[in-house]
Each structure stands twice: as structure tokens, then as C-alpha cells.
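Peer 1: sharing a model that was predicted from the sequence below.
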Amino acid sequence: MGSLELFLPEATVLVGALVAFVLAILRVPQRIAWGAATVFGIASVVMTAVYLNASGEPFFAGIYRVDALSQLLKLGITGSLALTLLVGRDLASFRVSTRVDVPIFLFFATLGMMALVSATELLTLYVSLELSAYALYVIAALQRRERMGSEVAAKYVLYGAAASAISLYGISLIYGSAGSTYLSAIMQTTMSPVFAVGILLALCGVFFKLAVFPFHAWAPDTYEGAPHEAVAFIGTASKVAAVGLLVRIVLFAAPAGEAITIALLVLSVLSMTIGNLAAIRQHDLKRLLAWSTVAHAGYLLIGLSTMSTVGVASGLFYVVTYVPIVFAPFVVVCVLGRDGSNPTKASIAGLYQRSPLLAFTLLVGMFGLAGIPPTAGFVGKWFLFSAAIEKGFYWLVIVAALNATVSLYYYLLIVKEAYLTPATDASEVRMSGAAQAAACVVVVAAIAFGSFPRHVWEACEAAARAAFAVAG
């Protein structure tokens, strides 16, 4: 296999961005531009799936690596892109004048995230991180209510800039300790306080993307005020990319392993607890999903904190299957919020009577987030808890189980509103064909991954082994 051939999934996304740019310049109708973008989005998923088992280094050695880890995560990232393009055809929550430009930023954000999970050199990691971040900052600001969009974007950018600055300072400390920006050389570095501090500071950018406490403050306001489709993409693709980066850094930073483990354990407990307790009080569905994201970031850290093959594989399984699970309620948000408003608990009352498919999509999403079988959320938590028990973190499993029990309350409350509360508005909810397709895909994927997890788990195990093999 030629080295440049390994770059075909990224090349497909890049061509999609260029096509979207040309169509925007030509001022073609939004429907045509969005249709072309959707075709390229689906093509990127297919191309990534074709090269799922590819491995090698398409560019300079030690800088950019294609392996089982990167390809698995790229499949999750491109899947998020394709789902966003399917469900976001109307773009009702975006400013009218900017709708034709939205696919450009979605593609460039995707390209940055794909580069992020393949990068094995600190500066390449940082540049990829910023490429994806800038595009996300833009689409978060394009809310149809300009004042709200500007406020949300300002908060998002300020928090993101602070996290990037801290990460860059951490990278400088790592370079000063290791004398190299290559991750393969960094892992040979002798443990020192400066090196450990540098690793922890460098991880701040990752924690920001994952919305880990205390880097979560941007999430509730951004989720509430940003356009629906933008939040759906941010809430899925960026989490997958962040986990890939976290795995790379954690495994390559073996000399500071104990310090990183302690930090991950503390942040895991705080994120789970604060995220779930805050979510209970939310009435806006998007804010509830934001706090839920904080809690799930805590669950993710359980697997990664073990620094074992099983733990990393369980974290990868959780984040990959997290994409269809969390996208399910965002389908509901995008459909019900076509007028630009944010769906609330009151607005989903009696949803089963107005749209059975949409209500079932919401049910599957809530069951998945709560970890109720037969969804993938149950299996994902089972793998995470098993990895923690294997490592001897019994207390962590107890804390996580208690938090999962707390989360049942607000997730099932949403289901109750949709199925048991009489509808205040009896009008039928109409869904476009693309939105129906997106709903069916996420429902089938969430249930299939939970009922037949073997193939996904094997892919995650292979990705974890590949990560450890590269790290030595």
C-alpha cells in the first residue's frame, strides 16, 4: 500500500471542504450545496471504513501515524460529520446569510480532528488541535439570534484560548525536559517534577474538549446558545478526537504515569458527580445534555486512568458507541427546534403521539446515556467498570455506580415526558427524509452495538494494542 494512499480518508474530507468552498463562492442554492456536502460526508465514512485496518506513516517518520487507533477514531469522527449533515439540512438555527458556508467549517473541523488522532509529534498535535478548534468557534457563533451567538462564541473562544495557552506552556516544559517534540522520544525521558507538570498542563487542551471538570464551564452556555447542528457535531466528533489525543499523550508519557493516574482519577470523580448533580436541575434539553457530557467525560476517564490495554479499549469502546447514543437526542433537538428555539422538557411532552419515530429515538438515546440494556451504553459502562475492578479501583466503581444511579432520574424523566405526559400541542411533527434516515441510523447503531458488541470490542482491543505498541 502506497504511503499517500493512507491519507485518502483525510483527502476525501479535504476535497469536500474545497467543493463546499467553491459552491459557496458560486452562491448556489443551499439545498444543492448541502446535498453535495452530505455526499462527501458519507463518502468520507465509506473511505475511512475501507482503510480501517490500514497502517503506516504517510508522511515524515514519527510525525503522522496511521494505525488501528487512528482509523477507528476517524470512523467515529466522520460518522459524526455524516450524521450532522443528514440531520442539519434545514439549518433553521443558523443565520440565513451563513448557512451555505457551514459545511466548509464542518469539513475543516473534521480534517483537523482526523489529523489530531494520527499525530505523534507535539507541534503537529497542537496545530491539528487548533485547526479543529477554530472551525468549531466559528460555527458556534452563527446562531440566528446574533446577540446570543456572539455571547456564546466569546465565552467559547475565551475558554478555548486559555486552555490552548496552558497546553502550549505545558508543551514547552515537556520539550525542555525531553529535548524533543516526538512522542516516541518523550517516553524515554527520566521522570522529573517539571516533566510531570508539563504533561498535566498539556492535557488541559484535551480536558477542555472533553468538558472535564474544571474545564467544563463553556459547555452549558455553548450547548444552550449555539446552533443545534453545531452543538450536535461538537458534542460527538470533538469528544472522539479528544479521547484519541488523550490516549496518545497518556501512553507516551509513561515516566509521569503515577501523577497522570492520580489526576485522571480525581477529575473522573469530580466530573461524574458535578455533571450528574447539575443535570438534575436543568429544564432546557440542550443544557441537560451539556451537563450530561461533563458526567460522561468522567466515565471515560475511568478506563484511561487504568493505563491498561483493557482499560484503554473500554474507553475507546465507550467513546465510539457514544456517538450514536448522544446523537439520538440531538436529532430530537434539531427537529423540534426548527424554529430556532431550544426544546425543553415541556416541549417534548406527549412526543410519542406527535411523532413515534422521534420519541423512540429520544428513548433509545436516554436509555443509552443512562446505561440501560440493550443499548451500547450499558455494555460500555460494563467494560469500564470491569477494567477498573481489574486494576483494583473498587472505590471508583462504587462512585461511578452511584453516579449512574443518580443519572437514571433525569434521563427517565425525559422519557416520562415524551411517553406519559399529555401533549400540549397535538400537531404532528414532520421530519425530512434525511432526518428520518439519521434517526434510524443512530437507533439501529445504539441497539446493535449493545446487543452485538463483539466486533466493535475487537476493533477497540486492536486499537488499544496498536497504541501500546507504538508507545513501546
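Peer 2: Great, that's in hand. Residues are numbered from 1 along each chain as shown.
Peer 1: show me what contacts residue 423?
Peer 2: 349-351, 353-354 (Cβ atoms under 8 Å, 6 or more residues apart in numbering). To be clear about C-beta, it is placed using only N, CA and C from the backbone, and glycine gets the same treatment.
Peer 1: where do the helices sit along the stretch 201-350 of the chain?
Peer 2: 204-210, 218-225, 228-234, 237-252, 257-280, 285-305, 309-336 (DSSP state H, counting those that start in this stretch).
Peer 1: run the chain-centre distance for the longest one.
Peer 2: Relative to its parent chain, helix 309-336 has a centroid offset of 7 Å by Cα atoms, centre = their mean, to the nearest Å.
Peer 1: over to stretch 402-422?
Peer 2: 23 Å.
Peer 1: what angle do the lengthiest helix in the chain and helix 218-225 make?
Peer 2: Secondary structure of the chain per DSSP state H: the longest helix is helix 146-178. With axes from the mean of the first three to the mean of the last three Cα atoms, to 10 degrees defining the directions, helix 146-178 sits at 150 degrees from helix 218-225.
Peer 1: counting contacts, what elements does helix 146-178 pack onto?
Peer 2: Applying 3 or more Cβ pairs under 8 Å, 6 or more residues apart in numbering; DSSP states H and E, we find helix 146-178 packed against helix 122-140, helix 183-186, helix 193-202, helix 204-210, helix 218-225.
Peer 1: looking at those, which one has the lowest mean pLDDT?
Peer 2: The weakest mean pLDDT among the helices and strands packed on helix 146-178 belongs to helix 183-186, with a mean of 76.
Peer 1: name the residues of it that are buried.
Peer 2: Across helix 183-186, burial judged by 16 or more other Cβ atoms under 10 Å covers 183-184, 186.
Peer 1: buried ones in the longest helix of the chain, by neighbour count?
Peer 2: By 16+ other Cβ under 10 Å, the buried positions in helix 146-178 come out as 148-149, 152-153, 155-157, 159-160, 163-164, 166-168, 170-171, 173-174, 177-178.
Peer 1: tell me the contacts of the residue nearest to residue 141 when sequence neighbours are not counted?
Peer 2: Distance criterion Cβ to Cβ, 6 or more residues apart in numbering; nearest residue to residue 141, sequence neighbours excluded, is residue 153 at 3.3 Å. Contacts for residue 153 (Cβ under 8 Å, 6+ apart) come out as 137-138, 140-141, 226.
Peer 1: could those be laid out in JSON lines, adding distance to residue 463?
Peer 2: JSON lines is the format used below for the contacts of residue 153 (distance: Cβ to Cβ, whole Å):
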{"residue": "137", "distance to residue 463": "29"}
{"residue": "138", "distance to residue 463": "31"}
{"residue": "140", "distance to residue 463": "30"}
{"residue": "141", "distance to residue 463": "34"}
{"residue": "226", "distance to residue 463": "30"}
